[in-house]
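K.L.:
got a sequence here, can you model it:
(2 chains)
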2 protein chains.
Amino acid sequence: MKRVFIAETVKHLDKKVRVCGWVNSRRDHGGIVFLDLRDMTGVIQVVCKPESIKDVKDEYVLAIEGTIGKRPPKMINKELVTGEIELKADKIELLAESDAVPFDLRDLKLKLPTLLDYRPLTLRGEKVKAIFKVTEQVINSFRKTMKELGFTEFQAPSIVPVATEGGAEVFHIDYFDYDAYLAQSPQLYKQIMVGVFERAFTIAHAYRAEPSVTTRHLTEYISLDAEMGFISSWEELLDTCQTIVYNIISDVSQECVQECKLFGVNLHKPNNPIPRLKMRDAQEIILEMTGRDNRKEADLEPDDEKEICKWAEEKHNSEFVFITHYPTSKRPFYTFPDPENPEYTLSFDLLYKGLEIVTGGQRINDYKQLQKNIVKWGNDIKNFTFYLQAFKYGMPPEGGFALGSERIVKQMLNLESIKEASIFPRDMTRIDQRLANLQPKRAKSKDKKKK
Amino acid sequence: MKRVFIAETVKHLDKKVRVCGWVNSRRDHGGIVFLDLRDMTGVIQVVCKPESIKDVKDEYVLAIEGTIGKRPPKMINKELVTGEIELKADKIELLAESDAVPFDLRDLKLKLPTLLDYRPLTLRGEKVKAIFKVTEQVINSFRKTMKELGFTEFQAPSIVPVATEGGAEVFHIDYFDYDAYLAQSPQLYKQIMVGVFERAFTIAHAYRAEPSVTTRHLTEYISLDAEMGFISSWEELLDTCQTIVYNIISDVSQECVQECKLFGVNLHKPNNPIPRLKMRDAQEIILEMTGRDNRKEADLEPDDEKEICKWAEEKHNSEFVFITHYPTSKRPFYTFPDPENPEYTLSFDLLYKGLEIVTGGQRINDYKQLQKNIVKWGNDIKNFTFYLQAFKYGMPPEGGFALGSERIVKQMLNLESIKEASIFPRDMTRIDQRLANLQPKRAKSKDKKKK
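P.N.:
Numbering: from 1, shown residues only, chains lettered A, B, ... in the order given. You can find the predicted model right below:
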């Protein structure tokens, strides 16, 4: 008998069907047992005789044949697609057993260590699963907007020959008889691709050897990277970025209704422009609001980011705010200096509910100026000859930005830690399992490659 | 003045426009110069006065304002969208210069070392660029079919704690004070995701420390990975795989007409099923065809793959052939043994024009059997406790497969080397630049981690 998906069973009233899935829960009522059976499309209530499912408990995998009937009126559940029907089981086939589940998967408040230690199991929980349905939608939405704007998708490599954005937070790879590194971002490649497709984007994995465990950092994360040539001004980048982010809000609100509901989140695409503020002006505002004088600092602290978002919310009714014109000294070698004041750059961050979710800016496209900056930033120019070809042979004015996928989802669903928004999160203590449990700590003396 | 994309200029006959792009070529005819200007949408012929573009040569980046007019009848080029018009330049703005290009980008027969040494430049060539438009379409098509079949996309991690598919061909990472590796495939993660979404797929980067330079291998490649639960039989996997591959042929033939033409490729979605052949039967056929007796071999050699594809072409009019039932000893620990003969597995490869492009099969979903096999294959079970949770807590019958994106494109466009199908190919001698040029070879004695 051919399997029917659970969501489709409503079309089979009074008919025989075969459904397959996992036992979500079991309720024994004397001579009768109710199972909730779950497949990828939904959950159905199954009525069974106790003797037919003796040892069956949560997460057992079953194929059940039986007849779809109406539920008694007082058992109707309006919340469920299948809430007015139930399956009367005739034949139950055991496809796989399960050990006793060590906690209730329907518990919506599992602690982070439990969520991660038991990831293959906790991912099955409705609320955890919802996070990755939203993630899928965020990435889809980004891709959709990019294609609408004429961007071409390419696959940026992860193995790179040099640590391009600073040596400290990079992972080293033994590459045959040579050294290689994990890409800290697809930056140089997406710039090269401007020379090829003019507008290019990539969904890339980025790697940072973050030596601390925070609620904002992962060692491997998903970077939604875009780069465009022939920009009329650097503010075109902010406009494009706003379009992407607003579309994400709109698409998630439409495609993930049930998922947002689980998190008590009510998303609306804003219809006002995102406020834009120079970093130095943001610091003035923070001084005014809090008395905290950070006007000499070269960057915003996490507390500043929260504060200025509070301001944007209050003054502009916006959960988003662009901070622009970061100091040249704090930005990478390729950042375009502001012609009006070269101590600052035509760069920006986008903050969302207190957290940076995008960073971007115009890039230096002049070959000679770029060469000078590479050296000025302390790099060996020899390591950049490949990248520099893109500029040697004609590069238009260009810029771009990168969105952190996990950060967007964290903020959107009001998650406490970014690790909840990463399907298999990695940090300095964990790769799936806790590293300390898995392998001995290496002797420091062997650790010759870290500088 | 707002920029107009070149493909749109045909709508502006006798009007003033501003276009931006790269100089594709320059032809001096006495008192007049013709430029072909290229942007992401097309190429347009520009008529200029020599004094206005003195030093301008190939790959210079220009913004040109002028009037769109009709070409003289004998200069019409039917091959081009803009072939009936030209732009009479009034004002030429130099956006970026270019060094002299060291070879003709329109040369369709550039040799592989040139193609790769000058990648940021050669990617701009029409024919090279076409390869990555086709790649984008192959991946789009895979994603589209997957979503139509109810699969959920997830992001598999690349940093992994153990070398799961054999220790020799894995890259080692210094992970803080611990050891980690680059994922040889997203295999274990997609299996875990069957417990979560039932049907899951990922576009993953996979890493193989291939110690040889061939036309078939890359150290980093794009793996289109799918896994599905509740399969009715392992042959459902082959059916699904055929649907994907046929849709790819169909989508590329429709969406990449111009690109296929450049390679002289005429794609048609086949309407016959792909022939299916046990490995041992394939060896018998090869013996019959060639006299080569490989019937004791545990795998097909590259020459065998070519031979059996010739057979499929001749006997079944198919460029594809499924080879099934590979020996248990040659497949990974998770492969499902054939109940009829456990020395063989319910596994398969898909060959396309002589090359393996897909590998897949049913997996062991029984927790106890899987534990036994992990040990039997010589692994430390402690390293697999995370993965095993997916099976400890109920896993349905399941299986899946992985398509090598670059291999599909290579075969589809009849490229000589897989490196042509990788946008930034990596092998043991090259990461963008040739490693020997970039850094000294490490002393062998330091190379302690390779076994």
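K.L.:
how near is A:Leu403 to A:Phe142?
P.N.:
7 Å (CB to CB, to the nearest Å). Bear in mind the C-beta positions are built from the backbone N, C-alpha and C, glycine included.
K.L.:
any shared contact partners between these two?
P.N.:
Residues touching both A:Leu403 and A:Phe142 (CB atoms under 8 Å, 6 or more residues apart in numbering or on different chains): A:Leu224, A:Ile244.
K.L.:
now do the contacts for the closest residue to chain B within the stretch 201-350 of chain A.
P.N.:
Relative to chain B, the nearest point of the stretch 201-350 of chain A is A:Phe230 (4.7 Å; CB to the nearest CB). A:Phe230 makes contacts with A:Glu198, A:Pro396, A:Pro397, A:Glu398, B:Arg3, B:Cys20, B:Asp39, B:Ala63, B:Leu95, as judged by CB under 8 Å, 6+ apart.
K.L.:
for the fourth one, name its beta-bridge partners.
P.N.:
As for beta bridges, A:Glu398 partners with A:Gly229, A:Arg363 under DSSP bridges.
K.L.:
hmm, it is touching A:Gly361, no?
P.N.:
No: look at A:Glu398 against A:Gly361 with CB atoms under 8 Å: they stay out of range, at 10.5 Å.
K.L.:
tell me which residues in the longest strand along chain A are buried?
P.N.:
The residue-count maximum for a strand in chain A (DSSP state E) belongs to strand A:16-29. Within strand A:16-29, the residues that count as buried by 16 or more other CB atoms under 10 Å in any protein chain shown are A:Val17, A:Val19, A:Cys20, A:Gly21, A:Trp22, A:Val23, A:Asn24, A:Ser25, A:Arg26.
K.L.:
ditto for stretch A:297-309
P.N.:
By neighbour count on 16+ other CB under 10 Å, the buried set for stretch A:297-309 is A:Leu300, A:Asp304, A:Glu305, A:Glu307, A:Ile308, A:Cys309.
K.L.:
now do stretch A:100-114
P.N.:
Within stretch A:100-114, the residues scored as buried using 16+ other CB under 10 Å are A:Val101, A:Leu105, A:Leu110.
K.L.:
from these, which is closest to chain B?
P.N.:
For those, the nearest to chain B is A:Val101 (6.2 Å; CB to the nearest CB).
K.L.:
who touches that closest one in this structure?
P.N.:
Neighbour list for A:Val101: A:Lys57, A:Asp58, A:Glu59, A:Leu121, B:Tyr393 [criterion: CB under 8 Å, 6+ apart].
K.L.:
now, which of the residues you listed lie within helices?
P.N.:
A:Leu121 (DSSP state H).
K.L.:
mind checking what secondary structure A:Lys88 has?
P.N.:
Look at A:Lys88: counting by DSSP: H, G, I helix; E, B strand; the rest coil, its state is strand.
K.L.:
can you get me a residue count around it?
P.N.:
Using other CB atoms under 10 Å in any protein chain shown, A:Lys88 has 13 neighbouring residues.
K.L.:
what pLDDT is listed against it?
P.N.:
At A:Lys88, the predicted lDDT confidence score is 97.
K.L.:
tell me which residue is most central in chain A.
P.N.:
In chain A, the centroid-proximal residue (CA atoms, centre = their mean) is A:Glu406; its distance is 2.4 Å.
K.L.:
which stretch of helix or strand covers it?
P.N.:
Here A:Glu406, judged by DSSP states H and E, is contained in helix A:405-412.
K.L.:
related to what we said a few turns ago, adding pLDDT, write the buried residues of strand A:16-29 out as TSV.
P.N.:
Converted to TSV, the buried residues of strand A:16-29 look like this (pLDDT from 0 to 100):
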residue	pLDDT
A:Val17	98
A:Val19	98
A:Cys20	98
A:Gly21	98
A:Trp22	98
A:Val23	97
A:Asn24	95
A:Ser25	94
A:Arg26	95
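K.L.:
from the residues you listed, pick the one nearest chain B.
P.N.:
Distances from chain B to these, taken by CB to the nearest CB, are shortest for A:Cys20, at 4.7 Å.
K.L.:
residues contacting the closest one?
P.N.:
Contacts of A:Cys20 by CB under 8 Å, 6+ apart are A:Arg3, A:Asp39, A:Val61, A:Leu62, A:Ala63, A:Ile64, A:Leu95, B:Phe230, B:Pro396.
K.L.:
if we go to 6 Å?
P.N.:
The contact partners of A:Cys20, taken as CB atoms under 6 Å, 6 or more residues apart in numbering or on different chains, are A:Arg3, A:Ala63, B:Phe230.
K.L.:
show me the helices in the stretch 251-400 of chain A, by range?
P.N.:
Listed in chain order, the helices of the stretch 251-400 of chain A (DSSP state H, counting those that start in this stretch) span A:257-262, A:279-290, A:302-316, A:367-376, A:385-392.
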